[in-house]
Every structure is written in C-alpha cells, then in structure tokens.
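Student: Using only what follows, build the 3D model:
(one chain, ligands or ions: 1)
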Amino acid sequence: MTKNNKSQALIHSVTSVFIDVLGYAPRKIIQAPGRVNLIGEHTDYNDGFVLPCAIDYQTIVAASCREDSIVRVVAVDYSNEVKEFDITQPIIFDQDCMWINYVKGVVKCLLDRGYEFNGADITVSGNVPQGAGLSSSAALEVVIGQTFKTLYSLTITQQDIALNGQQAENQFVGCNCGIMDQLISAEGKANHALLIDCRTLDTTPVSMPEDMAVVIINSNKKRGLVDSEYNTRREQCEEAARVFGVKALRDVTIDQFNERVNELDEMVAKRARHVITENDRTEQAALALSADDIKLMGSLMAASHASMRDDFEITVREVDVLVDMVKECIGEDGGVRMTGGGFGGCIVAIMPPAMVDSVKAVVEARYEAETGLKESIYVCKAMPGAGEVVGITALESVTA
Ligand code: GAF
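Tutor: Below you'll find the model as predicted:
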C-alpha cells in the first residue's frame, strides 16, 4: 500500500499509542479499507452482482504476537479503551462494549475454522466514517482477520478472510449482511472497481476511467432502524424467490418476473423488481465503466437510485435531495445515486475532476438550507484491499 497523508496520520497514532499504552514497539502495521458501492445495492444476499471499490479511508492496526493466549486490544478512537480476552476460554458477546465484539467475533470464527495461533497485542484506529454506509464494520472485521494472518502466517485466502468477517457479523454481532463489504475490503484493487458475482465470489477488476473523480457525500442523516429494515428487505426477497421456486432472485429474469408478477404480494413484487433490475444494471454498468461510457453509467446510476427510492424504499428525503442537487450540476457528464444499505448515509457521484469544486460549492450553499443538516464531502481514490503496510517500520512512522 502506498502511504497517503490520511493513512500516515493513522499509522502514527496506532504506533505511538501502542508504545505509550502497551510499553513496547509493535512488529506489524496492517490496514483494511472501507468501500463505496458504485452500483448493485441489496443484490449481494440475492446471489447477484455488485460493483464496489475500496477507498482511501481505512482501519489501521499496529500489532505484535504474544506468547500467551491473551488478545489485548486498544481502541484509539474510543479514548484508548483497553479490552482483553483469552482465546482458550469461551469467547462471549460483550453487552457493554460494542467495538470489541467485532474483534472477538473474528477471532472466534478463525478458531472455529481451525486456524491455530497465540494471542496478540493490537492498537486500532480508523477514519472510515462510522454509520455512514461506507463499511467501517467490515473494515474492522477484515483488518483483524488480516492481522492474525500476518502475525501468524496463516494460510487463509483473502476470500476466506472476507467470509470469516461476514460470519462474525452474521453470527456473533447479529447483523445479517451479505458478502460485498468484507470482500471488497479484502480484495480491492488500486484504480479499479470490482464486479463481484456474489454467488461464485468471482471478482472481475473494472478499471476506473482516469478522468473521473469519485465523490462521496454524507447526508449526515443518522441511519435509523437499519438492522430491522435490512432484515425485513432480506425476508421479502427470500419470499419472492420462494414463489418463483428458485434459490435466489439472481435466478429470475425480468421477463419471468413480468410474466408472474401477479402471484406476488404487491410490496414483495416491488422489492423483487428492484433486485432483478438492479442485477441487470450492475452487469451493464461494469461494461459501461470499462468502455469509459460515463453517459450510460450515469443513466444506470439514475435508474438505480429511482429503484431504491420507489421500489426498495430505502432512501430518505435528505439523500434524495442530495442526489437531485448533484444531478442538476453534473447532467449527463457523470452519475449519482445513494450508496450502501440505505435509510440515511451517503451518496456516491462520479464526475469529471474539473467539476468537483463547483459541485462542492452548490452542495455547501444549498444542502443545509434545504434540510437543516450539514454534509461531509470525501473525494476518493480506488485503493488496494487489506494487507500489511509495507515500506515503513513502526518506529519510522512515529518519528516521521
Ligand atoms: C450493507 C450490507 F452489509 C451489504 O452486505 C449490502 O447488502 C449492502 O448493505 C446493500 O447493498 O452494506
């Protein structure tokens, strides 16, 4: 991974806290990125297609092996709170401290999969905005898996680090998410998005046009009822698949849907139509992006947003306002849609780099006035997935 200023600051802070709190210098620095999904929303758990890229907002760990069986973790972003657990004892959910459950879940799942290791000392910090739909949880799950892989030379693939993280989230933390977030965090590629087939987990790199900026705007609308609404959408999709007699909505074409739509409950039909059309849009978008066809990409993103708003019903007013505002600025020269699980959170826009300042100016001038909320804007690059941070020693980073 190449260092940028944002990651350099995180490396500095995990390393110096490691030395201050744990009393010695860490052996390894490991990172895992957040992600932005360009298109393909709520398709992953329907065995469909997604097109995310890893971004230059990350979770970074400083770590060393221990000779005993204790995992000791310092959360730099939670006032250096220290938590520890013993991997030879039952690993149980902590009702009072949420962040440690992601670490515990990942370690427990690694042990359940048969990997063997001792304890570790870990400091962790991140700059992926939390609760914004940019996968801060997946970045934490993946960086912890990657840390044990690195410290103990585990023969675990990047795909299995992702699956292990998803299992931790599903079974230990209790959110029934799909595989997209963990997989892009583990396998992302610089300057590329990945078309992921969420049934086979095959990934196809899609190069990002050079003259295209990726801009994420956080509505800062607090995401409400996320887990319960998410799980309801999943159940509705599963219900539709049952009616069609298939394993997942991935197996239903648009023509088949139209022929049998009357057999579905009205709301279930809307949910299914979103997923089926979104899968199709996502495959088309991968082709459009690799052909630098931004006009087509923009129209697919617009259709995706309308489908999330009208059929899947996961957008909120503030997000719709932002999308319309940005669309007005970029016209057919780019694309914009909500990104992530929904019910608040972020939009993603692609546009020529020369437009970024004027789009920022419009949003800064109008969004707060129209919604009472202040946005946050991140201009991102597509980054590599999780790995050890090379070309830097722990002490160099502290003194840099
Ligand atoms: C969340 C989930 F974690 C993903 O698996 C995916 O379903 C996404 O929402 C919606 O596309 O990020």
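
Student: next one: phi and psi at the residue lying closest to residue 159 once chain neighbours are set aside?
Tutor: The spatially closest residue to residue 159, leaving aside those adjacent along the chain, is residue 201, at 5.8 Å (C-beta to C-beta, 6 or more residues apart in numbering). Quick note: C-beta positions are derived from backbone N, CA and C, even for glycine. Main-chain torsions, residue 201, degrees, to the nearest 10: phi 70, psi 20.

Student: give the contact list for residue 201.
Tutor: Counting by C-beta atoms under 8 Å, 6 or more residues apart in numbering, residue 201 touches 159, 179, 183.

Student: most surrounded residue in those?
Tutor: In terms of neighbours by other C-beta atoms under 10 Å, these top out with residue 183 at 29 neighbours.

Student: residue contacts, it?
Tutor: 159, 162, 194, 196, 201, 203 are the contacts of residue 183 under C-beta under 8 Å, 6+ apart.

Student: So which residues on the protein come close to the ligand?
Tutor: 41, 42, 44, 45, 177, 178, 180, 181, 340, 341 (C-beta under 6 Å from any ligand atom).

Student: could the residues you listed go into JSON lines alongside secondary structure and pLDDT?
Tutor: Listed next are the residues of the chain next to the ligand as JSON lines, based on DSSP: H, G, I helix; E, B strand; the rest coil; pLDDT from 0 to 100:
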{"residue": "41", "secondary structure": "coil", "pLDDT": "98"}
{"residue": "42", "secondary structure": "coil", "pLDDT": "98"}
{"residue": "44", "secondary structure": "helix", "pLDDT": "98"}
{"residue": "45", "secondary structure": "helix", "pLDDT": "97"}
{"residue": "177", "secondary structure": "coil", "pLDDT": "92"}
{"residue": "178", "secondary structure": "coil", "pLDDT": "96"}
{"residue": "180", "secondary structure": "helix", "pLDDT": "98"}
{"residue": "181", "secondary structure": "helix", "pLDDT": "98"}
{"residue": "340", "secondary structure": "coil", "pLDDT": "95"}
{"residue": "341", "secondary structure": "coil", "pLDDT": "93"}
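
Student: Spatially, which two of those residues are the most separated?
Tutor: Put simply, by C-beta to C-beta the two of the residues of the chain next to the ligand set farthest apart are 45 and 340, 14.0 Å from each other.

Student: picking that back up, adding pLDDT, write the contacts of residue 201 out as a markdown table.
Tutor: As requested, those are exported to a markdown table (pLDDT from 0 to 100):
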| residue | pLDDT |
| --- | --- |
| 159 | 98 |
| 179 | 98 |
| 183 | 98 |
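
Student: and which of those residues is nearest residue 231?
Tutor: Out of these, the member with the shortest distance to residue 231 (by C-beta to C-beta) is residue 179, at 16.2 Å.

Student: Tell me if I am right that residue 190 is in a strand.
Tutor: No - assigned with DSSP: H, G, I helix; E, B strand; the rest coil, residue 190 falls outside any strand and is coil.

Student: what number of residues lie near residue 28?
Tutor: 18.

Student: how near is it to residue 387?
Tutor: 11 Å (C-beta to C-beta, to the nearest Å).

Student: just residue 61 next, same as before
Tutor: Distance of residue 61 to residue 387, computed by C-beta to C-beta: 12 Å.

Student: neighbour count winner among these two?
Tutor: Set side by side, residue 61 and residue 387 show more neighbours around residue 61, with 32 against 18, by other C-beta under 10 Å.

Student: Please name the residues that touch the closest residue to the ligand within the stretch 251-400 of the chain.
Tutor: In the stretch 251-400 of the chain, no residue comes nearer to the ligand than residue 341, which is 3.2 Å away by C-beta to the nearest ligand atom. Residue 341 makes contacts with 41, 42, 133, 177, 223, 226, 230, 314, as judged by C-beta under 8 Å, 6+ apart.

Student: quick one: contacts for the residue nearest to residue 377 when sequence neighbours are not counted?
Tutor: Spatially, and ignoring its direct neighbours in sequence, residue 377 is nearest to residue 217 (5.3 Å; C-beta to C-beta, 6+ apart). Residue 217 makes contact with 322, 326, 346, 347, 349, 363, 375, 376, 377, 378 under the criterion C-beta under 8 Å, 6+ apart.

Student: Kindly indicate the member of these with the most neighbours.
Tutor: residue 347 (30 neighbours).

Student: Please report phi then psi for the residue nearest to the spatial centre of the chain.
Tutor: Computing the C-alpha centroid of the chain and ranking residues by C-alpha atoms, centre = their mean puts residue 135 first, at 3.1 Å. Dihedral angles of residue 135 (phi, psi; degrees, to the nearest 10) stand at phi 70, psi 40.

Student: again, but for residue 57
Tutor: Residue torsions, per degrees, to the nearest 10, at residue 57 are phi -120, psi 130.

Student: Then residue 380?
Tutor: Per degrees, to the nearest 10, the backbone of residue 380 is at phi -110, psi 160.

Student: if I look at it, how far off is residue 21?
Tutor: Taken as C-beta to C-beta, the span from residue 380 to residue 21 is 31 Å.

Student: So these two - more neighbours on which side?
Tutor: residue 380 (20 against 14).

Student: so the residue nearest to the centre of the chain touches residue 179, yeah?
Tutor: No - counting by C-beta atoms under 8 Å, residue 135 stays clear of residue 179, with 11.7 Å between them.

Student: follow-up on the earlier one: okay, and the common contacts of residue 61 and residue 387?
Tutor: The contact lists of residue 61 and residue 387 share 30, 31, where a contact means C-beta under 8 Å, 6+ apart.
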